[in-house]
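Colleague: Turn this into a model:
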Amino acid sequence: MQQKKVLLRDFLIINTACGVAFVMMFAVIIMQKAHIIPSMPCGLVALFHMYCPGCGGTRALFSVLQGHFLESLFYNPAVLLGALLIIYYEAAVIVTLVKDNGKIYYCRKPILIYIYLVIVFGYAIVRNVLLFAPGIDLLGDILK
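Modeller: Here you go, the predicted structure:
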């Protein structure tokens with residue numbers, strides 16, 4: 001019974017966070033399409049002329065919303081991979097709650113989150129190495 005309460009609590013927390021993120025995403029899309037908010041540069045790009053792990057996230061989000069998944073991975077893999085990770089955990093928690101047989105249908109170890117972080121930070125490092133070594137600017141924001 002205690003496990004079911006914990007799963008239900010986690011499910012509600014994740015759904016609330018996803019709901020807030022969806023509302024914020026929808027508001028940003030509407031405001032950007034209506035030209036209410038300007039595009040703001042990344043602080044790390046402005047100060048140090050290098051990319052942070054979050055650079056390209058907005059473009060990646062817009063690509064996912066338009067159905068261009070490979071383009072989204074090119075801009076920033078954090079968006080699509082993060083969404084897939086959330087979907088995996090959400091589906092597993094729902095299955096665990098519905099079956100109610102005492103089994104847990106998701107990986108309780110945080111290895112998937114660690115893999116996600118390695119991919120996101122690794123991509124940021126590769127992007128910056130390409131920027132500084134051969135002068136390849138993948139996003140086209142720094143070298144113009």
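Colleague: mind listing the helices for this structure?
Modeller: For the chain, applying DSSP state H gives helices covering 2-33, 43-48, 57-65, 69-75, 77-99, 111-132.
Colleague: Please save the CA atoms from the shortest one in CSV.
Modeller: Yep, that's helix 43-48 we're talking about. What follows is helix 43-48, C-alpha atoms only, in CSV (Å, rounded to 0.1, in the frame of the first residue of the first chain):
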residue,chain,number,x,y,z
GLY,A,43,24.3,34.4,-21.5
LEU,A,44,27.2,31.9,-22.0
VAL,A,45,27.4,32.6,-25.7
ALA,A,46,27.3,36.4,-25.0
LEU,A,47,30.0,36.3,-22.3
PHE,A,48,32.4,33.5,-23.3
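Colleague: Going by contacts, tell me the helices and strands next to that helix.
Modeller: Secondary-structure packing of helix 43-48 (3 or more C-beta pairs under 8 Å, 6 or more residues apart in numbering; DSSP states H and E): no helix or strand packs against it. From N, CA and C alone the C-beta is placed, and that goes for glycine too.
Colleague: So for that helix, mean pLDDT?
Modeller: Mean pLDDT, helix 43-48: 78.
Colleague: centre of the chain versus it, how much separation?
Modeller: Relative to its parent chain, helix 43-48 has a centroid offset of 21 Å by C-alpha atoms, centre = their mean, to the nearest Å.
Colleague: Tabulate the helices of the chain (JSON lines), appending distance to L143 and mean neighbour count.
Modeller: Formatted as JSON lines, the helices of the chain follow (distance: least, C-beta to C-beta, whole Å; neighbours: other C-beta atoms under 10 Å):
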{"stretch": "helix 2-33", "distance to L143": "25", "mean neighbour count": "12"}
{"stretch": "helix 43-48", "distance to L143": "11", "mean neighbour count": "12"}
{"stretch": "helix 57-65", "distance to L143": "17", "mean neighbour count": "19"}
{"stretch": "helix 69-75", "distance to L143": "17", "mean neighbour count": "17"}
{"stretch": "helix 77-99", "distance to L143": "21", "mean neighbour count": "16"}
{"stretch": "helix 111-132", "distance to L143": "7", "mean neighbour count": "14"}
